[in-house]
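>>> Sequence isn't available, so here's the structure alone:
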Ligand SMILES: C[S@@+](CC[C@H](N)C(=O)[O-])C[C@H]1O[C@@H](n2cnc3c(N)ncnc32)[C@H](O)[C@@H]1O
């Protein structure tokens, strides 16, 4: 099958004699074919993600495979299961860091967590947190460190459980392993790094006491009926890849499991959309922290 260039003619750059495919070279019919291959072989649907975002990432994989058009790349995908896995990985980008956006964690420490604990400590009630789209666990473990460091007495009286989920098996293995390259820890203050990690060669291993605070599981963010009730949801830098109707579906699912007063944190470039806006008030607009009404 040949997939024509949607803009007509080959839109491509050249570098050292190689033709470089651009995302604009991937037409909607090619995207549909790639989507079908992924669904058939990996049970992974890209229809919920923004097309532009998917095409950009597919083009990167096509360049790595030196495929000059989508038709050639589809053939590679059909014959090479390793490339299928690499494509899936590229489409579910896993960039994360410990204490990513440190100012957000500062806000959790100063204005969000104290009132949450105030309401549960008296009743010795459990507090459940959830990192949705947790990548390698950096976000969930950062929360664990924050709680351990600044709310040690509160968590004795009001036990905490941190859930963390992602769609990708490999990244979940990394999360459970909790062994990181230094660049994932560049936003961590020196004393936290020294107190909570041990060196294994050039890598850093998180302390077992923090690892034990987090339970990881595989879950598709689109399966909103499987969401578990909790008091705070961190859903940062994941929503952005989804189409607007699907963002709304996910946000509605989150609103459904949060009690009144429960907290939602989105990524810096994400926001509430549609009718879901009516279900939250804003705690901190800059850090995208919201409270369920
Ligand atoms: C950019 S990372 C965000 C990591 C972390 N929340 C942060 O802000 O640093 C996005 C994560 O969302 C996950 N993801 C993508 N699609 C998903 C889906 N349908 N269900 C669950 N997780 C998904 C990816 O595998 C990836 O690990």
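Received the coordinates, thanks. These numbers come from a predicted model, not from an experiment.
>>> Nearest residue to the residue nearest the centre of the chain in space, please, no chain neighbours.
The centroid of the chain falls nearest to residue 133 when counting by C-alpha atoms, centre = their mean (3.2 Å). Leaving out its chain neighbours, the residue that sits closest to residue 133 by C-beta to C-beta, 6 or more residues apart in numbering is residue 238, at 3.0 Å. Glycine gets a C-beta too; all of them are placed from N, C-alpha and C.
>>> and that neighbour, how many neighbours?
23 (other C-beta atoms under 10 Å).
>>> Contacts only, for it.
132-133, 221, 267 (C-beta atoms under 8 Å, 6 or more residues apart in numbering).
>>> circling back: any idea of the pLDDT on the residue nearest to the centre of the chain?
The model reports residue 133 with a pLDDT of 97.
>>> Would you agree it is in contact with residue 166?
Yes - using C-beta atoms under 8 Å, residue 133 is in contact with residue 166, at 6.0 Å.
>>> Could you pull out the buried residues of stretch 74-82?
Neighbour counts over stretch 74-82 (16 or more other C-beta atoms under 10 Å) mark 74, 76-77 as buried.
>>> can you put the residues you listed in CSV and add pLDDT, secondary structure and distance to residue 124?
Below are the buried residues of stretch 74-82 laid out as CSV (pLDDT from 0 to 100; DSSP: H, G, I helix; E, B strand; the rest coil; distance: C-beta to C-beta, whole Å):
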residue, pLDDT, secondary structure, distance to residue 124
74, 96, helix, 57
76, 96, helix, 57
77, 96, helix, 53
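>>> Quick one: those as a markdown table, columns for distance to the ligand too.
As requested, the buried residues of stretch 74-82 are arranged in a markdown table below (distance: C-beta to the nearest ligand atom, whole Å):
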| residue | distance to the ligand |
| --- | --- |
| 74 | 22 |
| 76 | 22 |
| 77 | 19 |
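>>> and these as JSON lines, adding distance to residue 276?
Shown next, in JSON lines, are those (distance: C-beta to C-beta, whole Å):
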{"residue": "74", "distance to residue 276": "37"}
{"residue": "76", "distance to residue 276": "40"}
{"residue": "77", "distance to residue 276": "36"}
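>>> Residue 96: which of those is nearest?
residue 77 (26.8 Å; C-beta to C-beta).
>>> Would you check that the closest one makes contact with residue 88?
No - taking contacts as C-beta under 8 Å, residue 77 lies outside contact range of residue 88: 10.3 Å.
>>> so what sits against both of the two?
Common neighbours of residue 77 and residue 88 (criterion: C-beta under 8 Å, 6+ apart): residue 38.
>>> quick revisit: which ones are touching the residue nearest to the centre of the chain?
The contact partners of residue 133, by C-beta under 8 Å, 6+ apart, come to 165-166, 221, 235-238.
>>> ok, now how distant is it from residue 219?
10 Å (C-beta to C-beta, to the nearest Å).
>>> Find residues that contact each of those two.
Joint contacts of residue 133 and residue 219 (C-beta under 8 Å, 6+ apart) are 165-166.
>>> can you map out the strands along the stretch 101-250 of the chain?
127-132, 160-166, 179-181, 197-200, 203-206, 214-218, 232-235 (DSSP state E, counting those that start in this stretch).
>>> What residues of the fourth one count as buried?
Going by neighbour count (16+ other C-beta under 10 Å), the buried part of strand 197-200 is residue 197.
>>> wait, does the helix or strand hosting residue 54 contact the ligand?
Applying DSSP states H and E as the criterion places residue 54 in helix 51-64. No - using C-beta under 6 Å from any ligand atom, we find that helix 51-64 stays clear of the ligand, coming within 10.8 Å at best.
>>> list the helices and strands that helix packs on?
strand 18-21, helix 28-42, helix 70-79, helix 81-91 (3 or more C-beta pairs under 8 Å, 6 or more residues apart in numbering; DSSP states H and E).
>>> Next up, the contacts around residue 64.
residue 86.
>>> now swap in the one 3 residues further on and tell me
By C-beta under 8 Å, 6+ apart, residue 67 lies in contact with 21, 73, 76.
>>> 6 Å - rerun?
residue 73 (C-beta atoms under 6 Å, 6 or more residues apart in numbering).
>>> Now do the SS call for it.
At residue 67 the chain is in coil, as set by DSSP: H, G, I helix; E, B strand; the rest coil.
>>> Show the model's pLDDT score for it.
92.
>>> do residue 120 as well
pLDDT for residue 120: 87.
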